[in-house]
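Novice: Need a 3D model of the sequence below.
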Amino acid sequence: MGIYAQATYEILPRTRLTMGGRFTYEDKQESGSQTLLAAGGPISVTPAPSPGLGIPSSIDFKRFNYRVALDHKFTPDILGYLSFNTGFKSGGYVLASPTVQPYAPESIKAAEIGLKTQLFDRRVRLNLAGFYYDYKNIQVQRFSAGTIVIYNGAKAELYGVDLDGEVAIARGLTINGGLSYIHDRFKSFPNADFIIPIEGCVPAPGGVCQGSAAGNKLPFTPTVSLNVGGDYKIETDVGTLGLNATYFWSSRFYAAPDNVLSQPAYDLVNASVSWTSVDGHVTIRLWGKNLGGTVYATSLLEGFSGGVRSLGSPRTYGMTAGFTF
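Specialist: From the prediction side, this is the model:
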């Protein structure tokens, strides 16, 4: 159940104040059982929640979150803003494993300052934002006995800048791009899973040690990422020819709070050539993805068998044809 309200008021010429709030109430219950079958028959039945482990049969969450924002139009094409928000991500049960304790809600305090601009007769669009996020009980994943389980880290902090823009170079030719820098660290995480030996603990085969991940980077959060793309459309008597190319680069990121398994820095190049009929009904597109043949992971997982990577597609070519009525 949720109740939400927001209002915006112009407190000064071209300056607006926005305030909003939301109250959320959630009630979750768990009941049932988990049955393990072998040779067509049950060999074990585990009630959910599992008795004797102190797992409650119901949990509830009550949260009030709010937003305060101030924006000012310096000109019709330049907007500056400040905002502060609180929020939460609900907790819950790990339904795939009735012996695992429920995970707590994740909460965040987020501040942002930025500019949104359109310049030079709107031939240039440029947006810049700086942000700070303070997490409490941040939710992370672990792989346990063949099941993905959510558990809580204590505190985490992120801050950084985002830049994105687009430039109309000439008729039919546009260049776009973006750059992101993120500084991210766990401020406190005393019970993080480690798949390697740490001080005072050597994990058993298929097991983990629990230790402090304070100072480690958050999973799947590259420090720097950037993208650059270009589109060129040429109008002809027989239709429109379109050319597109994109480049993406990411710095290293990690799979889990222990910062062991990682995806090193990598880049991807994609391109396409398309033709669209004069009436706009028929489109034929030739495309190529990962033209550099980069070997990279789309999924990283630390489990009982060690590190597991799912790789992205290799260099791929194709053709797509479409017809619109």
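
Novice: where do the helices sit along the stretch 101-250 of the chain?
Specialist: Counting by DSSP state H, counting those that start in this stretch, the stretch 101-250 of the chain forms no helices at all.

Novice: Sketch out the low-pLDDT regions of it for me.
Specialist: Applying pLDDT under 70 to the stretch 101-250 of the chain flags the ranges 144-146.

Novice: what residues go with each domain of the chain?
Specialist: Domain segmentation of the chain under automatic domain parsing yields 1-105, 138-325.

Novice: excluding its backbone neighbours, what's nearest Pro98?
Specialist: In this structure, Pro98 finds its nearest non-sequential neighbour in Ala48, 3.5 Å apart by C-beta to C-beta, 6 or more residues apart in numbering. No exception for glycine: its C-beta is placed from N, CA and C like everyone else's.

Novice: I'd like to know how many residues surround the spatially closest residue to Gln101 that is not a sequence neighbour.
Specialist: Leaving aside its sequence neighbours, Gln101 sits nearest to Ile55 (C-beta to C-beta, 6+ apart; 6.0 Å). The number of residues packed near Ile55 is 18, by other C-beta atoms under 10 Å.

Novice: repeat for Thr316
Specialist: Counted with other C-beta under 10 Å, Thr316 comes out at 13.

Novice: where exactly do the strands run in the stretch 201-325 of the chain?
Specialist: For the stretch 201-325 of the chain, strands defined by DSSP state E, counting those that start in this stretch occupy the ranges 209-211, 224-236, 239-250, 253-254, 262-263, 266-276, 282-289, 297-303, 306-311, 316-323.

Novice: how about those, which one is nearest Ala96?
Specialist: With respect to Ala96, and counting by C-beta to C-beta, the nearest of the strands of the stretch 201-325 of the chain is strand 297-303 at 13.9 Å.

Novice: Outside of that closest one itself, list whatever touches it.
Specialist: Residues outside strand 297-303 that contact it (C-beta atoms under 8 Å, 6 or more residues apart in numbering) are 142-143, 146, 193, 195, 220, 254-256, 258, 260-263, 307-312.

Novice: If we use 7 Å, what do you get?
Specialist: Outside of strand 297-303, the residues within contact range by C-beta atoms under 7 Å, 6 or more residues apart in numbering are 143, 195, 255-256, 260-261, 263, 308-312.

Novice: ditto for stretch 312-325
Specialist: Contacts of stretch 312-325 (C-beta under 7 Å, 6+ apart): 280-291, 293, 296-298.

Novice: For that stretch, the averaged confidence score.
Specialist: The average pLDDT within stretch 312-325 is 93.

Novice: Quote the end-to-end distance of it.
Specialist: 35 Å (C-alpha to C-alpha, to the nearest Å).

Novice: What of stretch 28-48?
Specialist: 13 Å.

Novice: Check stretch 44-56 too.
Specialist: For stretch 44-56, the first and last residues are 22 Å from each other (C-alpha to C-alpha).

Novice: what about that stretch, distance to the chain center?
Specialist: 33 Å (C-alpha atoms, centre = their mean, to the nearest Å).

Novice: Stretch 121-130 too?
Specialist: Counting by C-alpha atoms, centre = their mean, stretch 121-130 comes out at 23 Å from the chain centroid.

Novice: Stretch 235-244 too?
Specialist: 36 Å.

Novice: That stretch: which residues count as buried?
Specialist: 239-240, 242, 244 (16 or more other C-beta atoms under 10 Å).

Novice: likewise stretch 121-130?
Specialist: So for stretch 121-130, counting by 16+ other C-beta under 10 Å, buried means 125, 127-129.

Novice: ok, those residues vs Thr276, which is closest?
Specialist: Checking those against Thr276 with C-beta to C-beta, the nearest one is Arg125 at 24.4 Å.

Novice: Quick check: ChimeraX command selecting the buried ones in the contacts of strand 297-303.
Specialist: Applying 16+ other C-beta under 10 Å to the contacts of strand 297-303, the buried members can be selected in ChimeraX as follows:
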select :143,195,255,256,260,261,263,312
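
Novice: Which pair of the contacts of strand 297-303 spans the longest distance?
Specialist: Ile195 and Gly312 (23.3 Å).

Novice: what sits against Leu119?
Specialist: 77, 126.

Novice: and which of the buried residues of stretch 235-244 is nearest Gly2?
Specialist: Set against Gly2, the nearest of those by C-beta to C-beta is Asn244 (41.4 Å).
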